[in-house]
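Novice: Have a look at this fold, sequence not included:
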């Protein structure tokens, strides 16, 4: 469990980081909290020749409100996110999710940007970002661009990031009025990836569901937006029957692998159970 | 002799003796980060060793090329089987009478098997070089399923012994067969089953698990060429055995081998055996002339270092319709992996599995165990267990529930009807053991009352009705477990390791100031021996425990002993401690009488000294006697105050207990939550209740992990699935339930202080309690047996099989 | 491999050293600084035996490179007692409540508890359990560890109240 040798870089600015990544296109890897990458390096499943540490870049840090949206700097740690009172008031689902990631020490180092960007289907934040329709701000040597989270994930560890690009921030729109959201995760123990997990957000108008989004964690090669499941709920009265139908629709798009969490059919059913529970919690929080 | 005005109670309290919640001496260094563990050791010029291991479960080695590894700067040596062969160290004997490859030369027999040992100037370079070793393989079909081991077309694993029909424990029926072990009366048992009014039969599997102490196995070997002496610091639960085996293997005289077990970061049976890493570190030190450190990483530990259990037990009970048991028959298929490296007393290939009659009065019983080879890591160690006792307890405690279910009897009730009664002790079991003492009915009644058992059953029935009415998706399970352990291996009439009787020892010296140095042949791995042995000495000799230094683990200074595992330290070394103290006390009495100018029959020991019978004001404290032992002994008596005891226990001890577990199961997810766990332990005399409770908490937590998720599982190619703490289930503080402890005290009649040992009881009794709770939750729907581990998906699947997941 | 110069504060003392970039912080502490209190238990950032305090946070030093600690302020179990040797309330409480057995997880566990009590000086039992969920113990079943942390919190609260009066 000893990593292979590498050259270490600690740039202070985004352009410097991009230059370093560009200078070693095959060999360089960006590192933020390192709690995905360093274990992979210790197993020698990752052997980057150059490690570009984003930890000293001030521009990547911080949580701020901007034009009605919340902007999370990519290297904001899960611990910083959890501690942010303003964010917890407006978007409590982020705090709820972060608290279900790993453990205190890992949350102290692990970053939101890393969790969103590295494309691990076991990561929890991607489903939440899909659910909240977040926009990722991306920088590359060719300039900056934005990518909707809903267009970002392509497969296991495959994303819309081009070579040499990094995520610099995540922009999350403020939730609609009378909305509630929840992230419900089934795991075997602290520090585990989800057997299945679901993020759900819905808003109510006149006792009926006006808007809804649902996303799933770790039941496919990438986080999934359960569009049909959510669409079926529009106009419905929140309750067990409606949520069961949504759960069934979510199960239909889940494509989990059999692993230590259980066989595929079990994990698919758990995706449904998590969706039901997330919807019930979201509806309750929405005032339904 | 004591402070004027001190009451007897105050004098006793000062001693911090038996029965007191003495704070641990060890903790002073551990809480300051000043423990001395193997990997903390640094020696000048020390090199580091690392293994290149097999990625395959079964393959022929075509070629090993170490050129690139040797060429790396900083690499000092690379060992392969070819290098070990001239030293006759390419294979080593196991404790179970088999041999194990130290480094694989011709074939690899499990994933992670050691092939080359790379030695470099630091651990980073050693890891780099291990990656550079190139091995060419010819893949062979793996044998993963033990039930296929003896099939006619099964791949032959052990070519080295394929034509040997006589194994270490009798006839072998197949090249993949290791032994058949049989005990009990076959004929009488068959008769009991023929005559039975009812019988039950069930395959009960206890999955492969792993002890996983937080500190992995590690060693530093240092060979002094000039003196021809070898010193090894290592994670050894049994340092003396390592020294003796080392002498036999290496040809180095035993007195020129120094084995030192410093602080050990948990053992749980994982650190009893001898592993290739130790041997390679030693050879590498001899070859390079430098100290060599080997530290396995966690993946290596889970992959290649001894596993536990992997017993597939087919249990049958014959009984009357009234629920009185009349016979027990068990066949075990034991998966031993690629080598038989079980850590059992030598003549016991299935350990003490014949304790499987448990706490019940079976008139007849018969057990057969077949050990087989598979393409998996070797092991079969006693993971917080006295040699297959956990397997046996799980088997009988599950089987009794299955019988209760068939007879529609309450699990507690069927146990009460079949317990060995108090007046039957010493009790001779149908499978050959003599249980020393017990009072099972009293313990069980106390436990049932403590948890309000009847009210819980009422609540459960209500919950079941709600479930049937679809008002809830939660079920409640109540797990009952009543275990009898057999620990303290052991009497020389039963037990030896490689021919060495399993006694243990204590060497105690009282110095002139009343300070005591005591050394034992056991080795603590967290059990707190430095604290508890001193308490025994304090009570026996009347010297405060704080004046006693206890030392273990250095074979140069400690008396010969067989080490710590199988809950044996209290039954053996603690008995030796008391025995040595009594020798000292007898001599001290002579000295005291001399000082008091009376006949030694006229003085008596009293708490912390001696007094003249009938004249308590005429007394000498033990401290005064100690001083006199070095300058004023009576004529004819040698000076000094010291004794050694090598204690060969007359019998095993039989701790027992009643455990009750209340569980709530979310049928939708299969998640089982422990609502309440009550553990009543009877370990005889209680030396330090604080430590006993701590042992019970820890053992229950391990039992919880085993029952609810731990598994060393392989895929069909023999690849270990999930070999890290990411997947291997070790609960954190969040998952771990709250534990309630309780006790009764039934002293052992043959132990000098009546103590029986406790370390392993909670693991032995805990696993069936959890498993019975899960099974109990579904029993009303017709489930008879749900296999462990009870992780959520398996519980969910069990519910699905009952039609509950539509 | 070329070495990199780093400069950091460890237990209040300035340290300057040369490290290979791939050197893990735990190995730097244990082997270069001979601070062997923190241990290695799992290497995959699950067990927490390697926990030390870095810039006001608990971190798993097996999953941080020493070069990343350049400029950092570190505290390890060796730096927890007062300079005069007086033990910290947590160190006393772990002994008093039998919160350790083999001692291997203890340095990491205590350092995590130390930070936890600064994050939350009056934690409930559930908060303590959640707060130490990144530290595995194989011996104690956690119950006495939870007691110990709770007791230390009470001691520290009493001490700070006294100081205020």
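Specialist: Arrived safely. Not measured: the values here are computed from a predicted model.

Novice: List the buried residues of stretch A:144-157.
Specialist: A:147, A:149-150, A:152-153 (16 or more other Cβ atoms under 10 Å in any protein chain shown). In short, each C-beta sits where N, CA and C put it, glycine included.

Novice: let me redo that: stretch B:623-633
Specialist: B:623-629, B:633.

Novice: before we move on, back to that, could you tell me which of the buried residues of stretch A:144-157 belong to strands?
Specialist: Counting by DSSP state E, the buried residues of stretch A:144-157 place A:147, A:153 in strands.

Novice: between the buried residues of stretch A:144-157, which is nearest chain C?
Specialist: Distance ranking of the buried residues of stretch A:144-157 against chain C, using Cβ to the nearest Cβ, places residue A:153 first at 24.4 Å.

Novice: Report how many residues lie close to the nearest residue to residue C:43 once chain neighbours are set aside.
Specialist: Once flanking residues are discounted, residue C:43 sits nearest to residue A:1: 3.9 Å by Cβ to Cβ, 6 or more residues apart in numbering or on different chains. Residue A:1 has 21 neighbouring residues, counting by other Cβ atoms under 10 Å in any protein chain shown.

Novice: what's the distance between residue A:1 and residue B:298?
Specialist: Counting by Cβ to Cβ, to the nearest Å, the gap from residue A:1 to residue B:298 is 7 Å.

Novice: Need the residues touching each of those two.
Specialist: Common neighbours of residue A:1 and residue B:298 (criterion: Cβ atoms under 8 Å, 6 or more residues apart in numbering or on different chains): C:43-44.

Novice: Which ones among the buried residues of stretch B:623-633 lie within helices?
Specialist: B:623-628 (DSSP state H).

Novice: Distance to residue A:73 and pLDDT added to those, as TSV?
Specialist: Compiled in TSV, these are given as follows (distance: Cβ to Cβ, whole Å; pLDDT from 0 to 100):
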residue	distance to residue A:73	pLDDT
B:623	69	97
B:624	75	97
B:625	75	98
B:626	71	98
B:627	73	98
B:628	78	98
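
Novice: I'd like the next helix or strand past the helix or strand encompassing residue B:665.
Specialist: Residue B:665 belongs to strand B:656-666 when assigned by DSSP states H and E. Sequence order places strand B:671-682 as the next helix or strand after strand B:656-666, per DSSP H and E.

Novice: ok so, going back, next, format the ones in helices among the buried residues of stretch B:623-633 as TSV and append distance to residue B:250.
Specialist: Below are these laid out as TSV (distance: Cβ to Cβ, whole Å):
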residue	distance to residue B:250
B:623	46
B:624	49
B:625	46
B:626	42
B:627	46
B:628	47
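
Novice: What is the nearest of these to residue B:392?
Specialist: Nearest to residue B:392 among these: residue B:626, at 46.7 Å, using Cβ to Cβ.

Novice: Might one say that the closest one is in contact with residue B:511?
Specialist: Yes: applying Cβ atoms under 8 Å, one finds residue B:626 in contact with residue B:511, separated by 6.9 Å.

Novice: quick one, domains of chain C?
Specialist: When chain C is parsed with automatic domain parsing, its domains come out as C:4-79, C:89-164.

Novice: The helix or strand of chain C with the lowest mean pLDDT near chain B at all?
Specialist: Within chain C, no helix or strand scores below helix C:143-164, which has a mean of 92 by mean pLDDT, DSSP states H and E. Yes: Helix C:143-164 is in contact with chain B by Cβ under 8 Å from any Cβ of the partner chain, via C:143-146.

Novice: could you show me where the helices are in the chain, in order?
Specialist: No chain in the question, so chain A it is. For chain A, the helices defined by DSSP H occupy A:14-23, A:37-42, A:78-83, A:85-90, A:92-98, A:104-109, A:112-117, A:125-132, A:227-231, A:240-253, A:264-285.

Novice: oops, chain C please
Specialist: Listed from the start of the chain, chain C has helices (DSSP H) covering C:25-27, C:89-96, C:106-119, C:125-131, C:143-164.
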